[in-house]
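# kindly generate the corresponding structure for this input.
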Amino acid sequence: MPALKERTRRTQAERRAASEERLLESAATLVATRGTARASLGDIAATAGCSRGLPTYLFGSKEGLLLALADYLVERFRTRLFEPALEQRQGLPALVIWLRVYVDSLRGPELQVRAACVLLGEALGSEPAFLPAVNRLHRTVRSMVEHYLREGVERREIRHDIDPVAHAAILIGTLRGISLLAVTDPDSLDLDAVASELVRTTEGALHA
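Below you'll find the predicted structure:
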């Protein structure tokens with residue numbers, strides 16, 4: 001009997017996680033195509049095929065759902081795009097893979113990439129309540145880049161005199177600018193050339 005109850009609890013947790021993911025995917029789609037102001041909880045629920053009250057039940061409010069969306073977008077990029085390409089690489093090789101995967105994700109770009117750009121822009125304008133989530137998003141990504149930079153120094157692939165915190169900020173700032181160009185004026189970019197030049201200049205600046 002205890003085993004049955006435990007299995008029931010796991011199933012409930014799995015159902016909740018599945019519902020949350022459907023809602024977050026729907027929120028990403030609507031934010032990407034409409035912006036946050038016109039992505040209502042009701043529309044998000046309808047797009048996800050859920051009851052109207054489920055977003056409020058799971059996330060508390062629209063703000064809570066969009067704050068969760070910022071974290072979800074980072075995690076989705078990491079687990080679905082970056083980690084499969086990483087193949088146990090560390091240090092500078094891992095950083096190079098991350099740069100290539102990031103630029104490649106701008107093709108189209110994916111709705112999730114556009115949604116992230118919308119959240120970044122609106123946090124500075126019409127939706128300042130999202131700023132903590134956007135800052136958390138930036139810090140999470142910067143922390144990952146700093147980790148690979150420090151690994152590269154330890155493995156003697158990267159010169160020992162770099163400042164990992166400052167260099168991570170430079171790389172993230174560069175990629176954010178490329179992201180905005182890809183979203184607003186995609187025809188102006190040759191992403192293959194951008195990726196190759198970014199990798200070349202990064203390796204040139206960092207090599208021990």
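
# tell me what the helix ranked longest in the chain is packed against?
As assigned by DSSP state H, the longest helix anywhere in the chain is helix 2-34. Other helices and strands packing on helix 2-34, by 3 or more C-beta pairs under 8 Å, 6 or more residues apart in numbering; DSSP states H and E, are helix 41-48, helix 54-59, helix 62-76, helix 111-123. Where C-beta positions appear, they are placed from N, C-alpha and C, glycine not excepted.

# which of those helices is buried the deepest?
Most buried of the helices and strands packed on helix 2-34 by mean neighbour count (mean count of other C-beta atoms under 10 Å) is helix 111-123; its value is a mean of 21.

# check this protein and tell me which residue is nearest its centre.
When C-alpha atoms, centre = their mean is applied to the chain, the residue found nearest the centroid is residue 74 (2.7 Å).

# re the thing from before, can I get the helices and strands packed on helix 2-34 in a markdown table including distance to residue 136?
Putting the helices and strands packed on helix 2-34 into a markdown table (distance: least, C-beta to C-beta, whole Å) gives the following:
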| stretch | distance to residue 136 |
| --- | --- |
| helix 41-48 | 21 |
| helix 54-59 | 16 |
| helix 62-76 | 7 |
| helix 111-123 | 11 |
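
# out of the ones you listed, which is closest to residue 144?
helix 62-76 (9.0 Å; C-beta to C-beta).

# quick one: residues in contact with the next helix or strand after that closest one.
Sequence-wise, the next helix or strand downstream of helix 62-76 (DSSP states H and E) is helix 83-86. Residues outside helix 83-86 that contact it (C-beta atoms under 8 Å, 6 or more residues apart in numbering) are 94, 97, 98, 100, 101.

# report the buried residues of helix 83-86.
Within helix 83-86, no residue counts as buried by 16 or more other C-beta atoms under 10 Å.

# ok now it, how far from the chain's centre?
15 Å (C-alpha atoms, centre = their mean, to the nearest Å).

# try stretch 80-97
Using C-alpha atoms, centre = their mean, the offset of stretch 80-97 from its chain centre is 15 Å.

# what does stretch 130-150 give?
Computed by C-alpha atoms, centre = their mean, the separation of stretch 130-150 from the middle of its chain amounts to 10 Å.

# so who does the nearest residue to residue 58 once chain neighbours are set aside touch?
Using C-beta to C-beta, 6 or more residues apart in numbering and skipping residues adjacent in sequence, the residue nearest residue 58 is residue 20, 5.6 Å away. Residues near residue 20 by C-beta under 8 Å, 6+ apart: 58, 59, 68.

# which ones are touching the first one?
Residues counted as contacts of residue 58 (C-beta under 8 Å, 6+ apart) are 16, 19, 20, 23, 65.

# what residues of stretch 150-157 count as buried?
150, 151, 152, 153, 157.

# now residue 207: phi and psi?
Residue 207 adopts backbone torsions of phi -50, psi 140, taken as degrees, to the nearest 10.

# hmm, it is touching residue 157, no?
Yes - here residue 207 lies in contact with residue 157, judged by C-beta atoms under 8 Å, at a distance of 7.3 Å.
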